[in-house]
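Asks: pasting the sequence and the predicted coordinates here, then a few questions.
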Amino acid sequence: MFKTFAKAIQSLSVALLMGLPMASSAQQLSENASIVVESPWARASLGMSRPGGAYLTVRNEGSDQISLIGLRAEISGMASIHETRTNSEGVSIMAPADNIVIPPGGMFALEPGGYHAMLMQLQSPLVEGETFPLTLLFSDGTELEITVPVLGIGARGPEG
Amino acid sequence: MMRVAKIAAIGAAAVFAALFVGWWQVDGPGADSAPGKRSLPLTAMEFSLTDQDGRDVGPETLIGEPSLVFFGFTYCPDVCPTTLSDISGWLDEIGPDAEDLNTVFITVDPDRDTVEAMAEYVSYFHPQIQGWTGLPDQIAAIADGFRATYEKVEGENGEYTMNHTAGVFLFDATGRFVTTIDYHEPREFAVPKIRRAMQNRTERAES
Ligand SMILES: [Cu+2]
């Protein structure tokens, strides 16, 4: 109990535990603090007809392996995780990735050119400077809602 | 007298070394593309497209200045905006020297990427980046000349995405293909490659 509390202090996530909004670059934790999400961000969209893309890092601080198995977001009629690969011919291919295994103590990054949160059927545009809630679904039943800040279309990472 | 000869010899050796390095990187074993996959020179291509302002463009639009060309589509959530951001960063880093570099984003999805869509999309990136679209057979013609490929992939609910060649193509001012910058290539490699394409302006004749 004390350890969890100390960790929460350390990661400046007390605000989240108390249900208050928090800064974007800080960590966001699951209830038992075993899953930590860092540096979420999304690119602004041009209107609503194009899919949006979002990125984040998940750390597994628990003692069991977990899998990130899906996403849910009110802002998207169809949210899922995609992987972009470049084949030996230099062709970029995008495909669904629905089971991302994260070992205890491990981390997994959704980042440009690798994995992304694919937000199809946008229900409203992703506007630079705004935020939206995104729920991460894990194999152990954990549903972790995080707040994703929207950066510019030309953003390259969580810092812009 | 001996001293002058020695300096001349060192100078000649340096020139030969520079020539060898150039050959190695451009045509020799250090060249980036597999044989048969090299883009044609722009002078051997025929295509007619439309730029973001509605103007007709073709190979002649590019020849005369070095060029940086990238294929993609505006409905692309990940690789295309990332590459355009990277290109914007490279242009910023090179600064005024890059002002004459033709920098073009060509859509492989002309059904959705109209002139207006391209104009709006490129406006969010470096002002030097142009966006070209056109008739499907003209897009096919330019991709073929570049030895680039693309294909439509149907998803659920009638949505589709495009697989496409993700590398950035560099040509010198004569229209000769110089090299590609692969996706994920760090800036320390990308910027010197662009500078190389810009230097080829005077050093290399059409091959
Ligand atoms: Cu995707």
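Replies: Thanks, I have the structure now. Residues are numbered from 1 along each chain as shown, chains lettered A, B, ... in the order given.
Asks: could you give the number of residues near the residue in chain B positioned nearest to the ion?
Replies: In chain B, no residue comes nearer to the ion than residue B:77, which is 4.9 Å away by C-beta to the ion. For every residue, glycine as well, the C-beta is placed using N, CA and C. By the measure other C-beta atoms under 10 Å in any protein chain shown, the count of residues near residue B:77 is 25.
Asks: quick check: it touching residue A:46?
Replies: No: Residue B:77 is beyond contact range of residue A:46, at 11.2 Å (criterion: C-beta atoms under 8 Å).
Asks: where exactly do the strands run in chain A?
Replies: Under the criterion DSSP state E, strands of chain A are mapped to A:28-29, A:35-43, A:52-60, A:66-72, A:76-86, A:91-96, A:100-102, A:107-110, A:115-122, A:131-138, A:143-151.
Asks: quick check, pLDDT for residue B:37.
Replies: Note for residue B:37: predicted pLDDT of 74.
Asks: can you list the residues of chain A near chain B?
Replies: Taking C-beta under 8 Å from any C-beta of the partner chain as the criterion, the neighbours of chain B within chain A are A:43, A:46, A:49-53, A:78, A:82, A:84, A:86, A:89-94, A:112-113, A:116, A:118-121, A:152-156.
Asks: quickly list the domain ranges of chain B.
Replies: The record assigns chain B these domain ranges, following automatic domain parsing: B:1-31, B:42-206.
Asks: mind showing which ranges of chain A have poor pLDDT?
Replies: The model of chain A has pLDDT under 70 over residues A:1-26, A:32.
Asks: what helix or strand does residue B:88 sit in?
Replies: Using DSSP states H and E, residue B:88 falls within helix B:79-94.
Asks: C-terminal to that helix, what's the next element?
Replies: Counting by DSSP H and E, the next helix or strand C-terminal to helix B:79-94 is strand B:102-107.
Asks: is whichever helix or strand comes after that following strand up against chain A anywhere?
Replies: Using DSSP H and E, the helix or strand that follows strand B:102-107 in sequence is helix B:115-122. Yes: Helix B:115-122 reaches chain A (C-beta under 8 Å from any C-beta) through B:120-121.
Asks: tell me the angle helix B:115-122 makes with helix B:79-94.
Replies: Following axes from the mean of the first three to the mean of the last three C-alpha atoms, to 10 degrees, one obtains 60 degrees for the angle between helix B:115-122 and helix B:79-94.
Asks: at which residues are the strands of chain B located?
Replies: Secondary structure of chain B by DSSP E: the strands cover B:49-50, B:56-57, B:67-72, B:102-107, B:129-132, B:150-154, B:160-165, B:168-171, B:177-181.
Asks: possible to save these as JSON lines with distance to chain A and mean neighbour count?
Replies: Compiled in JSON lines, the strands of chain B are given as follows (distance: least, C-beta to the nearest C-beta, whole Å; neighbours: other C-beta atoms under 10 Å in any protein chain shown):
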{"stretch": "strand B:49-50", "distance to chain A": "19", "mean neighbour count": "20"}
{"stretch": "strand B:56-57", "distance to chain A": "23", "mean neighbour count": "15"}
{"stretch": "strand B:67-72", "distance to chain A": "9", "mean neighbour count": "26"}
{"stretch": "strand B:102-107", "distance to chain A": "13", "mean neighbour count": "25"}
{"stretch": "strand B:129-132", "distance to chain A": "10", "mean neighbour count": "23"}
{"stretch": "strand B:150-154", "distance to chain A": "8", "mean neighbour count": "13"}
{"stretch": "strand B:160-165", "distance to chain A": "5", "mean neighbour count": "21"}
{"stretch": "strand B:168-171", "distance to chain A": "10", "mean neighbour count": "25"}
{"stretch": "strand B:177-181", "distance to chain A": "7", "mean neighbour count": "24"}
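Asks: can you list the ones you listed in TSV and add distance to residue B:113 and mean pLDDT?
Replies: Output for the strands of chain B, formatted as TSV (distance: least, C-beta to C-beta, whole Å; pLDDT from 0 to 100):
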stretch	distance to residue B:113	mean pLDDT
strand B:49-50	11	98
strand B:56-57	15	98
strand B:67-72	9	98
strand B:102-107	4	98
strand B:129-132	8	98
strand B:150-154	12	95
strand B:160-165	10	95
strand B:168-171	18	97
strand B:177-181	22	96
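Asks: for residue A:147, find the nearest of those.
Replies: Closest to residue A:147 of these, according to C-beta to C-beta: strand B:160-165, at 27.5 Å.
Asks: strand partners (parallel or antiparallel) of the closest one?
Replies: Within its sheet, strand B:160-165 is paired with strand A:91-96 (antiparallel), strand B:150-154 (antiparallel), according to DSSP bridges.
Asks: show me the contact partners of the first one.
Replies: The one in question is strand A:91-96. Strand A:91-96 is contacted from outside by A:80-87, A:118, B:77-79, B:149-150, B:153, B:161, B:163-166, B:183, using C-beta atoms under 8 Å, 6 or more residues apart in numbering or on different chains.
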